[in-house]
Each structure stands twice: as C-alpha cells, then as structure tokens.
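Undergrad: Prediction below, plus the sequence it came from.
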Amino acid sequence: QVQLVESGGGSVQAGDSLRLSCASSGRTFVGDAMGWFRQAPGKEREFVAAINWNGAITSYDDSVKGRFAISRDNAKNMVYLQMNSLKPDDTALYYCARRRDAYRTSSRPVDYDSWGQGTQVTVSS
C-alpha cells in the first residue's frame with residue numbers, strides 16, 4: 001500500500017511562488033507515474049500536472065502551463081510542484097496522486113489509485 005503525504009502549502013499574495021512536495025512510501029516509487037490535482041470549494045477535482053517514472057514526460061493543464069513545473073526525485077521518493085506567478089484562481093486544496101503505470105501520464109482522476117490528504121494553497125489578490 002502506498003502512502004502519500006503532501007506539504008508546502010500556505011497563504012501567499014498574487015504573483016508569489018510556492019513549492020509543494022509529496023513524499024511517497026510503502027511501494028517502489030520508480031514504477032509509478034505521479035500527478036498533482038486540485039479542488040476548490042464547490043468545484044470538482046481538476047488536473048494540474050503529471051510526470052512519468054523518470055521525468056522525461058510531463059503534462060500540464062493549460063491554466064498552469066508556463067507557471068507550474070512538476071519534477072521528481074526517485075532517490076528520495078519525492079515529487080514536487082513548483083508554482084510561480086500564483087493567481088487567486090489557483091486557490092485550492094492540492095493533492096498528490098499515484099498511477100500504477102510508469103510510462104504514461106494521465107489527466108483523469110480515475111486513472112490514479114492512491115491519493116494524499118492534500119495541502120491547502122490560498123492566493124490573495
């Protein structure tokens with residue numbers, strides 16, 4: 001069983017940056033693709049970014065492309081989300097998720113079978 005623990009959220013001003021971290025334990029990390037999703041109050045969970053097992057393939061939602069960057073460190077069992085030029089619309093609970101497919105990323109929540117508890121990001125104008 002995989003355990004995912006997110007950290008790094010906080011309250012910031014528009015234009016600021018944050019780096020989210022996700023620690024994975026309980027299973028060989030290198031065999032998984034990983035994703036970040038977010039959910040704002042009253043809205044459905046939405047895709048943010050994903051990365052394949054070795055970082056060679058990444059994908060982003062159009063709303064964050066050019067501002068956010070996903071990366072991973074397989075030696076540390078960690079995945080990161082660097083968020084720059086934050087906007088109030090980025091305010092949400094951010095989740096890390098694991099996909100049991102090393103090679104392909106996905107933007108669909110149903111393709112991920114393990115989720116963390118989330119870390120809150122609040123961006124004020």
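TA: Good, I have the coordinates.

Undergrad: And residue 116, how close does it get to residue 125?
TA: Per C-beta to C-beta, to the nearest Å, residue 116 is found 28 Å from residue 125. C-beta: built from backbone N, CA, C; applies to glycine.

Undergrad: cool, residue 10 as well?
TA: Taking C-beta to C-beta, one finds residue 10 at 16 Å from residue 125.

Undergrad: now the strands for the protein?
TA: 3-7, 10-13, 18-25, 33-39, 46-51, 58-60, 68-73, 78-83, 92-99, 114-115, 119-124 (DSSP state E).

Undergrad: Could I get these in TSV, plus columns for mean pLDDT, mean neighbour count and distance to residue 108?
TA: Below are the strands of the chain laid out as TSV (pLDDT from 0 to 100; neighbours: other C-beta atoms under 10 Å; distance: least, C-beta to C-beta, whole Å):
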stretch	mean pLDDT	mean neighbour count	distance to residue 108
strand 3-7	96	17	18
strand 10-13	98	13	28
strand 18-25	96	19	19
strand 33-39	97	24	9
strand 46-51	98	22	7
strand 58-60	97	17	11
strand 68-73	97	18	16
strand 78-83	97	22	18
strand 92-99	97	23	9
strand 114-115	96	18	13
strand 119-124	98	17	22
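
Undergrad: closest one to residue 105 among those strands?
TA: Smallest distance to residue 105 across those (C-beta to C-beta): 3.7 Å, for strand 46-51.

Undergrad: list the contacts for the spatially most central residue of the chain?
TA: With distances taken as C-alpha atoms, centre = their mean, residue 36 lies nearest the centre of the chain, 2.2 Å away. Residues in contact with residue 36 (C-beta atoms under 8 Å, 6 or more residues apart in numbering) are 20, 22, 48, 49, 50, 70, 79, 81, 94, 95, 96, 97.

Undergrad: What is the nearest of these to residue 61?
TA: residue 48 (5.7 Å).

Undergrad: Could you list everything the nearest residue to that closest one once chain neighbours are set aside pairs with in the sheet?
TA: The spatially closest residue to residue 48, leaving aside those adjacent along the chain, is residue 36, at 4.3 Å (C-beta to C-beta, 6 or more residues apart in numbering). Going by DSSP bridges, residue 36 is paired in beta bridges with residue 49, residue 96.
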